[in-house]
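S.K.: show me the folded form of this:
(one chain, ligands or ions: 1)
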Amino acid sequence: MVAVLKPETVVRTTCPYCGVGCQINLHIKDRVVYRVSAPYDAPTNHGNLCVKGRFGHEFLWHPDRLKTPLIRRNGQLEEATWDEALDTIAEKFTTIKAESGSDAFAFFASAKCTNEENYVMQKLARQVIGTHNIDHCARL
Ligand code: SF4
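M.R.: A predicted model of the protein is given here:
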């Protein structure tokens, strides 16, 4: 006999893995996603999911998952706040741009981001940094 878990909650959302945007149902019990299913009424995927969308959810609670930014200080990675991390990035970007110019940068956008996030990324590259060195991974 197979034990069947009854979810406490089912949350409908969008698969985060690629730009297809399949709709998914997260089956949650004790604050853990233990199963992902696909709603049949979703116009993008009609009840289907690829292997990443269906089974690629265990990273959510993986012990190695980063939960805070890390900054390397004296050769060691140390936990930092988001404000510290963003200030560090801004300082380093400013220094690199002053010393080596805009084309010292290259940006690589992600299929895991929304179109709007990727649009903002190219704005950062072109308008703020001043380079056309930007590409995108269409698939993961
Ligand atoms: S990774 Fe697979 S399930 Fe997720 S949106 Fe892309 S095609 Fe759909």
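
S.K.: who are the packing partners of the longest helix anywhere in the chain?
M.R.: Taking residue count as the measure and DSSP state H as the definition, the longest helix of the chain comes out as helix 82-100. Identification of packing neighbours for helix 82-100 by 3 or more C-beta pairs under 8 Å, 6 or more residues apart in numbering; DSSP states H and E yields strand 70-73. (C-beta placed from N, C-alpha, C; glycine too.)

S.K.: secondary structure element holding whichever residue of the chain sits closest to the ligand?
M.R.: Across the chain, the shortest distance to the ligand (C-beta to the nearest ligand atom) belongs to residue 53, at 2.3 Å. Per DSSP states H and E: residue 53 is located in helix 51-55.

S.K.: just give the number of residues close to residue 114.
M.R.: 13 (other C-beta atoms under 10 Å).

S.K.: so what pLDDT did it get?
M.R.: Turning to residue 114, the model gives it a pLDDT of 79.

S.K.: need the three-state assignment for residue 113.
M.R.: Applying DSSP: H, G, I helix; E, B strand; the rest coil to residue 113 yields a three-state assignment of coil.

S.K.: excluding its backbone neighbours, what's nearest it?
M.R.: Setting aside the residues directly before and after it, residue 113 is nearest to residue 121 in space (C-beta to C-beta, 6 or more residues apart in numbering), at 7.3 Å.
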